[in-house]
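Asks: Predicted model and sequence below, questions to follow.
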Amino acid sequence: MPLHPQQRINRFEKNFSAYRLIIVVIISCVLMYQDYQKNYLSVLRVYLSASFYPVQYLINLPNNFIQKLNINFSEREKLLQENKSLKKDNFELRSKIQQVYKLESENKRLYDLLGSQPNRDNSLIFADIVAVSPIAEKHQIIINKGSRDDVVIGSAVADSNGILGHIIRDQIFGSEVLLISDREHAIPVEIVRTNLRSIAVGTGNYNQLRINTLPTNTDIKKGDILITSGLGGRYPEGFPVGTVTDVINNPGESFLEINVTPFGNLKTVNEIWVIQPIEGR
């Protein structure tokens, strides 16, 4: 039975497709064999790979972004935890270092103060300055040691350089100190070179005391060292007070005007000792 023309066309197309597939397979096998033997297509593959790289990059971009985001988030959390831990360790180490420095400072001041008064035994209480009088005319400070620390009114106060003042008011957790530079303060002193005793009064200047009770014929000169004489019992004997900077003999006056620079850091002091005589000694 003869085929319809349309059936012939369909059969031809099927046969042609099969033949085309066979030809493509044969050509592919030949090309693969030749490439395997002589590597002809390596350059072509390189160019094809390079041309398809942007497409591959764009396809993988969302996935790569998500992966990097997860990694960055994890690393950020890790860094935050490490930073927090390092800050804590740093704070603890700095605190320990400060404690060591403070202990060294306390020991130094203790040795300095003990060395300055070999003939008397005293109880030394270390304290910090917590406030300064807001009134400029009043040279007073507040320390962080009070009656609970056995601080009593009248106790002398010093730093490693010399006498600073004495306790005028004690509370449970703190005390007020009147500095030797205050106009209302007076301290019994002794000239080391001559053993002559006198009284040094405050002038309202942190860097200056004054002696105005010595006659004009007194043996005193610039550079003389003054220490506490111990008279009156408030200040223990032998503590450094200051050095004579000026000896002024005003015409017609019966007494010298003697200026003294204190050894103690009256204006910038941060740490002090409260000096109390040991009872029964």
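Replies: Thanks, I have it.

Asks: Now do the same for residue 151: helix, strand or coil?
Replies: Of the three states, residue 151 takes coil under DSSP: H, G, I helix; E, B strand; the rest coil.

Asks: and it, what does it touch?
Replies: Counting by Cβ atoms under 8 Å, 6 or more residues apart in numbering, residue 151 makes contact with 125, 127, 143, 145, 167, 170, 175, 274, 276. Just so you know, the C-beta spots here come from the backbone N, C-alpha and C atoms, and that holds for glycine as well.

Asks: could those residues be laid out in TSV, adding secondary structure?
Replies: As requested, the contacts of residue 151 are arranged in TSV below (three-state DSSP):
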residue	secondary structure
125	strand
127	strand
143	strand
145	coil
167	strand
170	strand
175	strand
274	strand
276	strand
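
Asks: which one among those residues gets closest to residue 210?
Replies: Among the contacts of residue 151, residue 167 lies closest to residue 210 (Cβ to Cβ), at 23.2 Å.

Asks: residues touching the residue lying closest to that closest one once chain neighbours are set aside, list them.
Replies: In space, and not counting its chain neighbours, residue 167 is closest to residue 155: 4.6 Å by Cβ to Cβ, 6 or more residues apart in numbering. Applying Cβ under 8 Å, 6+ apart, we find residue 155 in contact with 166, 167, 274, 275, 276.

Asks: got the residue ranges for the strands in the chain?
Replies: In the chain, the strands defined using DSSP state E lie at 122-132, 140-143, 156-158, 163-170, 175-179, 186-191, 197-205, 208-211, 225-228, 240-248, 257-262, 271-277.

Asks: Name the stretch among the ones you listed that sits most buried.
Replies: strand 156-158 (a mean of 26; mean count of other Cβ atoms under 10 Å).

Asks: Low-confidence bits of this protein, can you list those?
Replies: 1-21, 24, 28, 30-61, 63-65, 67-73, 84-85, 87-122, 277-281 (pLDDT under 70).

Asks: Quick one: residues contacting the nearest residue to residue 143 once chain neighbours are set aside.
Replies: Closest residue in space to residue 143, ignoring its immediate chain neighbours: residue 127 at 4.1 Å, by Cβ to Cβ, 6+ apart. The contact partners of residue 127, taken as Cβ under 8 Å, 6+ apart, are 143, 144, 145, 149, 151, 175, 271, 272, 273, 274.
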